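1. here are the coordinates; sequence isn't available:
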């Protein structure tokens, strides 16, 4: 299972929110490159970079941070937050993203998102399926759509989608453990014979210790995104290095 630490950006700084609430913002480091280099030095190969300013503005904002981290490290970066247009996508890839994550656009503008999947392929496009009470949350988690999580994922799986990031918003930033039952259900429901292959599920939200990471691996998650647990020293980079 891939270990994917998260860096969330507001005004160029490394921050964390709780349950996606911008009023809970806590700055952990004003230098995201310093954080990214520490991850890389621990043997980590991947990074989940979120443009929180972009999510609120509904267009890419912090692409210069992406450009900096991509040029100064060898981390394979997946980038999300506010990607709503072909221009946004071009900026993200030109700034060094290896993959992009689309959430709100996959609900609000299916034609454009499906076009991205067709043009760039399922290795480069990740479906953001963030859950709030079983429904897909959109617009920086400020709103709930009518889309049910499982049917939403299955619909895109039929279009060839392989990678899915799922955050249970009620768990995000709480350090109380991830939504194991939700992830088990997704893996079970999206791995049947009607699809060409099982979904590659990346779990996000709630990780509180290395035992959670081990459990997510056991149930079959392809990756895990870890944020606050690292910044609050619930999981050390040494532990992650040993896990890898």
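-> Yep, that arrived. This structure is a prediction, so every number in the text was calculated from the model and none was measured.
2. what helix or strand is residue 15 located in?
-> Using DSSP states H and E, the secondary-structure element containing residue 15 is strand 13-18.
3. low-confidence stretches in the protein?
-> Scanning the chain with the threshold set as pLDDT under 70 gives 140-142, 192-197.
4. where do the helices sit along it?
-> Secondary structure of the chain (DSSP state H): helices located at 32-41, 52-57, 63-72, 86-94, 104-108, 110-120, 149-157, 180-189, 210-219, 228-231, 237-243.
5. the strand holding residue 15 vs helix 63-72, what angle?
-> Between the direction of strand 13-18 and that of helix 63-72, the angle (axes from the mean of the first three to the mean of the last three C-alpha atoms, to 10 degrees) works out to 110 degrees.
6. buried stuff in strand 13-18?
-> Within strand 13-18, the residues that qualify as buried are 13, 14, 15, 16, 17, counting by 16 or more other C-beta atoms under 10 Å. The C-beta positions use only the backbone N, C-alpha and C, and glycine is treated the same way.
7. need the helices of the chain in CSV with mean neighbour count and distance to residue 131, can you?
-> Listed next are these as CSV, based on neighbours: other C-beta atoms under 10 Å; distance: least, C-beta to C-beta, whole Å:
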stretch, mean neighbour count, distance to residue 131
helix 32-41, 17, 26
helix 52-57, 21, 16
helix 63-72, 18, 26
helix 86-94, 17, 24
helix 104-108, 22, 13
helix 110-120, 15, 18
helix 149-157, 19, 5
helix 180-189, 17, 7
helix 210-219, 17, 16
helix 228-231, 22, 18
helix 237-243, 14, 25
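8. could these go into JSON lines alongside distance to residue 202?
-> Converted to JSON lines, these look like this (distance: least, C-beta to C-beta, whole Å):
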{"stretch": "helix 32-41", "distance to residue 202": "16"}
{"stretch": "helix 52-57", "distance to residue 202": "18"}
{"stretch": "helix 63-72", "distance to residue 202": "19"}
{"stretch": "helix 86-94", "distance to residue 202": "18"}
{"stretch": "helix 104-108", "distance to residue 202": "15"}
{"stretch": "helix 110-120", "distance to residue 202": "17"}
{"stretch": "helix 149-157", "distance to residue 202": "12"}
{"stretch": "helix 180-189", "distance to residue 202": "10"}
{"stretch": "helix 210-219", "distance to residue 202": "10"}
{"stretch": "helix 228-231", "distance to residue 202": "16"}
{"stretch": "helix 237-243", "distance to residue 202": "16"}
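9. nearest to residue 143 among those helices would be which one?
-> Among the helices of the chain, helix 104-108 comes nearest to residue 143, with 8.6 Å by C-beta to C-beta.
10. now that closest one: how far from the chain's centre is it?
-> Distance, stretch centre to chain centre, for helix 104-108: 15 Å (C-alpha atoms, centre = their mean, to the nearest Å).
11. same question, stretch 124-142
-> Centre-to-centre, stretch 124-142 and its host chain are 10 Å apart (C-alpha atoms, centre = their mean).
12. next: stretch 70-88.
-> In terms of C-alpha atoms, centre = their mean, the centre of stretch 70-88 is found 11 Å from the chain centre.
13. neighbours around residue 47, how many?
-> The number of residues packed around residue 47, counting by other C-beta atoms under 10 Å, is 25.
14. could I get the contacting residues of it?
-> With contact set as C-beta atoms under 8 Å, 6 or more residues apart in numbering, residue 47 has these partners: 4, 5, 6, 7, 36, 39, 69, 73, 75, 76, 77, 78.
15. for it, give the beta-bridge partners.
-> Following DSSP bridges, residue 47 is listed with bridge partners residue 77.
16. that older thread, identify whichever of the helices of the chain lies nearest to residue 132.
-> Each of the helices of the chain was checked against residue 132 via C-beta to C-beta, and the shortest separation belongs to helix 149-157, namely 9.4 Å.
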